[in-house]
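S.K.: After the sequence you'll find the predicted model.
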Amino acid sequence: MARTRLNAVSTTRGYLDTASAEPLHPAARDTLLAALDRGWGDPRRLHRAGRDARALLDNARAVVAEALGVHPDEIGFTASGTDAVHRGLLGLVAARSADGIVHSAVEHSAVLHAAAWHDSPAHVAVPVDADARVDADAMAAAARRPGVAAVALQAANQEVGTLQPVDELDLPDGVPLFVDAAAAVGRVALPQRWSALSASAHKWGGPSGVGVLAVRRSARWTTPFPGDDGLEQLGESVPAALAAAAALQAVLAERDATAVRQRQQVDRIRAAASALPDTEVVGDPVDRLPHLVTFSCLYISGDELVSALDRRGFAVASGSACTSSSLEPSHVLAAMGALTHGNVRVSLRRDTTDEEVAEFCTALTEVVAEIRAGVGL
Amino acid sequence: MIELDCRGLPCPRPVIELAKALPSVAIGEELSVVADDPAARHDVAAWCRMRGQEYVGEESAADGLPRYVVRRLS
């Protein structure tokens, strides 16, 4: 018989992949444990257990709404960030008679998959510059083409950290904007001009399995999947949603102080990577997420770098094809014209220390030299 | 023109072979690499940019696989 197993508690020291998943924030952990005993009921039932769960869910919506600057009835919780993207974007399209989606070439795969699933000859992928930033005028021009139902633009890029000019988009009347804010929530101030916005709790220290979908009251949105319209019953876990809300509140309270510290730490990693031969740091050096830095090293495979750093106690991500299940390299790096092999994305925890960063820089320099020595160049 | 056969080699091998072969080509001459690894399409051009060489473009080899052409500038 298969048994569930839990290993001993692991340390997060050396974990530098928070853009994939941030370790659970202590505020989320405390809330989750308390809410598991009180929020297990079905919040749509009128009995005591249902009312208890309803109270927790309403609380979670209120907290997340305040954090995002919207009304509680504009917030829904989904089963994942990907699910929130699919429902948010395709729901805007479903409410329109046209079906084209204009999106940047560097959107998260959840956006690209949604567009591919809802295939249309009117879709447009708008190219980006070498920093992965889309041109706001080019995107607005694409939105004026016939057959466009909606525009999708991320708040910040998930692989290289570049902020996108979302609030500068001058879209035609009636074309709604979907913003994937998963990489940006809890890190930077969010764009304001959108019809629907999505986020993912485990990117800010909430539990995994919680997506947030915000849809403005003024937006025309209808569920693209089987089920009733509205932001209820999107597959939420009430305890996890409340824990996600608690983490978001805690993260936002310390956001600016965290960002200042992380920017300094990222600058140190950028300097160390830039000092390596044949290495290119990619993404905007200034208008970017505070906690994330990406670079590519010539003549090294991404999986060699990730494995070598892992052996030294550092966990990082890579957009190189050789590290993923696909043979195709990162579509973000490709769209930027950046080197796709030897790629590493480092993303800091809220409690990453300066000492840890210094050790990482040393390890990186040594690992790159060791691997290159074996190449014979 | 020297043509490097990198069929079946994963990234970053095509770029490594290109870098190793570059000194055998005179400045101003062309060098090409045939590779089926999809990363090569992006990485040969990126290598040229980072190493100060010219990326001439993509052609088709006799078997239909892409051949990436580079000109040595330095």
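M.R.: Thanks, I have it.

S.K.: What helices and strands are in contact with the lengthiest helix in chain B?
M.R.: Counting by DSSP state H, the longest helix found in chain B is helix B:40-51. In terms of contacts (3 or more CB pairs under 8 Å, 6 or more residues apart in numbering or on different chains; DSSP states H and E), helix B:40-51 is packed against helix A:331-336, helix B:13-21, strand B:54-60, strand B:66-71. Where you see a C-beta, it was placed from the backbone N, CA and C, and this is true even at glycine.

S.K.: what sits against residue A:220?
M.R.: A:92, A:95-96, A:176, A:195 (CB atoms under 8 Å, 6 or more residues apart in numbering or on different chains).

S.K.: Run a quick neighbour tally on residue 74.
M.R.: In the absence of a named chain, chain A is used. 21 (other CB atoms under 10 Å in any protein chain shown).

S.K.: my question was about chain B
M.R.: Using other CB under 10 Å, residue B:74 is surrounded by 8 other residues.

S.K.: Could I get the contacting residues of it?
M.R.: By CB under 8 Å, 6+ apart, the contact set of residue B:74 is B:27, B:52-53.

S.K.: Out of these, which is nearest to chain A?
M.R.: residue B:52 (11.3 Å; CB to the nearest CB).

S.K.: can I assume the closest one is in contact with residue B:70?
M.R.: No. Using CB atoms under 8 Å, residue B:52 is not in contact with residue B:70; the gap is 11.4 Å.

S.K.: who has more neighbours, these two?
M.R.: residue B:70 (25 against 9).

S.K.: what's the closest of the helices and strands packed on helix B:40-51 to residue A:137?
M.R.: Set against residue A:137 and scored by CB to CB, the helices and strands packed on helix B:40-51 come closest in helix A:331-336, at 18.0 Å.

S.K.: Which parts of the stretch 201-350 of chain A are helices?
M.R.: Along the stretch 201-350 of chain A, counting by DSSP state H, counting those that start in this stretch, helices occupy A:238-253, A:255-274, A:302-311, A:331-336.

S.K.: Take those helices and lay them out in CSV including distance to chain B.
M.R.: Shown next, in CSV, are those (distance: least, CB to the nearest CB, whole Å):
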stretch, distance to chain B
helix A:238-253, 35
helix A:255-274, 13
helix A:302-311, 8
helix A:331-336, 5
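
S.K.: Now mean neighbour count and mean pLDDT too, for the ones you listed, in TSV please.
M.R.: As requested, the helices of the stretch 201-350 of chain A are arranged in TSV below (neighbours: other CB atoms under 10 Å in any protein chain shown; pLDDT from 0 to 100):
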stretch	mean neighbour count	mean pLDDT
helix A:238-253	25	98
helix A:255-274	17	98
helix A:302-311	19	96
helix A:331-336	24	97
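
S.K.: Tell me which of these approaches residue A:224 most closely.
M.R.: Closest among those, using CB to CB: helix A:238-253, at 21.3 Å.

S.K.: and that closest one, what does it pack onto?
M.R.: So helix A:238-253, by 3+ CB pairs under 8 Å, 6+ apart, packs with helix A:26-38, helix A:48-68.

S.K.: got the buried residues for stretch A:21-32?
M.R.: A:21-25, A:27-29, A:31-32 (16 or more other CB atoms under 10 Å in any protein chain shown).

S.K.: rewinding a little: got a markdown table for the helices of the stretch 201-350 of chain A, with distance to residue A:60 too?
M.R.: Listed next are these as a markdown table, based on distance: least, CB to CB, whole Å:
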| stretch | distance to residue A:60 |
| --- | --- |
| helix A:238-253 | 4 |
| helix A:255-274 | 19 |
| helix A:302-311 | 35 |
| helix A:331-336 | 32 |
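
S.K.: Alright, that wraps it up for me.
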